[in-house]
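>>> need coordinates for the below:
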Amino acid sequence: MCLDPARLGPDDQAVLADAAWWTGRVEESIVARDQLRDQPECEEQCHLVLVETEEAQERGAFAEAAQKASEMAAIARRCSNTDVLAMSTVAQSGVLLAEGRVAEGPARLDDAMCAATAGELSAFFTGWICCLGLQACMACADLLRAAE
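Predicted structure coming up:
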């Protein structure tokens, strides 16, 4: 039996996208998340904007990446989702670091790390953000911040 993605609702699309992402089927994950685009605004759309942020950053389109990360933050605020709001902060930090702004990037990262260590986030996002934070600190050789 084959699953018809057109029959899935937004929550189902998000689960399909997560499953595809974690099993290495990135393109399938993006397609599933893209199905949320025409739905009423929801936190799952932040994941799609996160991918767009990362793609722009990889192309060196830092202004576009920063705009996408800000868009993600705005959606997260309107949906009142602290998890994806913290992730948007990590994305904003990543753009700053990719631009070589090593004073601003880690400082921005601190906001997300504070939310993670204060217990404000779900367990999944706490782990994800802590891993990304450590990775960012190591990449810019901010060993004191990494140790914290």
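
>>> which residues does the helix or strand of the chain with the lowest mean pLDDT contact?
Using mean pLDDT, DSSP states H and E, helix 26-34 stands out as the lowest-scoring helix or strand of the chain, at a mean of 79. With contacts defined as CB atoms under 8 Å, 6 or more residues apart in numbering, helix 26-34 is touched by 5, 13-14, 16-18, 20-21, 44-45, 47-48, 51. Yep, even glycine has a C-beta here, placed from its N, CA and C like the rest.

>>> quick one: which of these sit in helices?
Among the contacts of helix 26-34, the ones falling in helices (DSSP state H) are 13-14, 16-18, 20-21, 44-45, 47-48, 51.

>>> other residues contacting the host helix or strand of Ala74?
With the criterion set as DSSP states H and E, the secondary-structure element containing Ala74 is helix 62-78. With CB under 8 Å, 6+ apart as the test, helix 62-78 has contacts from 41, 43, 45-46, 49-50, 52-54, 56-57, 82-85, 87-89, 91-92, 94-95, 98-99.

>>> just checking, Cys137 touches Arg145?
Yes. Contact status for Cys137 versus Arg145: in contact at 4.7 Å, counting by CB atoms under 8 Å.

>>> shared neighbours, the two?
Taking CB under 8 Å, 6+ apart as the contact criterion, the common neighbours of Cys137 and Arg145 are 106, 109.

>>> tell me how far Glu120 lies from Leu85.
Summarising the geometry, the distance separating Glu120 from Leu85, computed by CB to CB, to the nearest Å, is 10 Å.

>>> do Arg7 as well
In terms of CB to CB, Arg7 sits 31 Å off from Leu85.

>>> now do Ala32
22 Å.

>>> can you check Ala63 too?
In this structure, Ala63 and Leu85 are 22 Å apart, going by CB to CB.

>>> more neighbours: which of the two?
Leu85 (24 against 10; other CB atoms under 10 Å).

>>> beyond whatever helix or strand that one lives in, next helix or strand please.
Leu85 is part of helix 82-98, with elements assigned from DSSP H and E. Toward the C-terminus, helix 82-98 is succeeded by helix 104-117 as the next helix or strand (DSSP H and E).

>>> can you name every helix or strand that that following helix contacts?
Other helices and strands packing on helix 104-117, by 3 or more CB pairs under 8 Å, 6 or more residues apart in numbering; DSSP states H and E, are helix 82-98, helix 123-139, helix 143-147.
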